[in-house]
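Peer 1: Fold the following for me, if possible:
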Amino acid sequence: MTASYSGEGGNAEAQLDGFQLTHRFLDDVVSDLHARGYTSTPSDIGHDFHAGFSVWSMHSLWAPDLDPAASEDDERAVAEGVSVAPYAYFCGEKE
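Peer 2: Coordinates of the predicted model:
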């Protein structure tokens, strides 16, 4: 697994094996990762993946930032960040 980060200005992107994780709708990212065989559990701000990373949203971006046709009351979360750590860290398990 290769994780990378690229971007200049306001649209920085985190990627996993060339797959864009951030600056997309969170539900789409999770669905696409599940289709690729990654498993996860939901958290209060995103999803924690058993492979050792978390994709999350603090809701500082909103749907119209990605989709100009989205209404102001569109509640879709935008994936804003990725954290990398053992899965146990995210779910609070003691090692």
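Peer 1: longest helix of this structure?
Peer 2: helix 26-35 (DSSP state H).
Peer 1: just checking, next helix/strand downstream of it?
Peer 2: Of the helices and strands lying after helix 26-35 in sequence (DSSP states H and E), the nearest is strand 40-42.
Peer 1: List the buried residues for that following strand?
Peer 2: Across strand 40-42, burial judged by 16 or more other C-beta atoms under 10 Å covers S40. Glycine gets a C-beta too; all of them are placed from N, C-alpha and C.
Peer 1: average pLDDT for that strand?
Peer 2: When pLDDT is averaged over strand 40-42, the result is 97.
Peer 1: So which elements touch that strand?
Peer 2: helix 26-35, strand 46-49 (3 or more C-beta pairs under 8 Å, 6 or more residues apart in numbering; DSSP states H and E).
Peer 1: Tell me which of these sits nearest to S71.
Peer 2: Distance to S71, taken as C-beta to C-beta, is lowest for helix 26-35 among these, at 16.8 Å.
Peer 1: Tell me which other helices or strands that closest one touches.
Peer 2: Using 3+ C-beta pairs under 8 Å, 6+ apart, helix 26-35 is in contact with strand 19-20, strand 40-42, strand 46-49, strand 53-56.
Peer 1: how about those in CSV, adding distance to F90?
Peer 2: Putting those into CSV (distance: least, C-beta to C-beta, whole Å) gives the following:
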stretch, distance to F90
strand 19-20, 20
strand 40-42, 8
strand 46-49, 4
strand 53-56, 5
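Peer 1: and these, which one is worst for confidence?
Peer 2: Among the helices and strands packed on helix 26-35, strand 19-20 carries the lowest mean pLDDT (a mean of 89).
Peer 1: Quick one: residues contacting the nearest residue to E75 once chain neighbours are set aside.
Peer 2: Distance criterion C-beta to C-beta, 6 or more residues apart in numbering; nearest residue to E75, sequence neighbours excluded, is A63 at 7.5 Å. Taking C-beta atoms under 8 Å, 6 or more residues apart in numbering, we find A63 in contact with F25, A70, S71, D74, E75, R76, V78.
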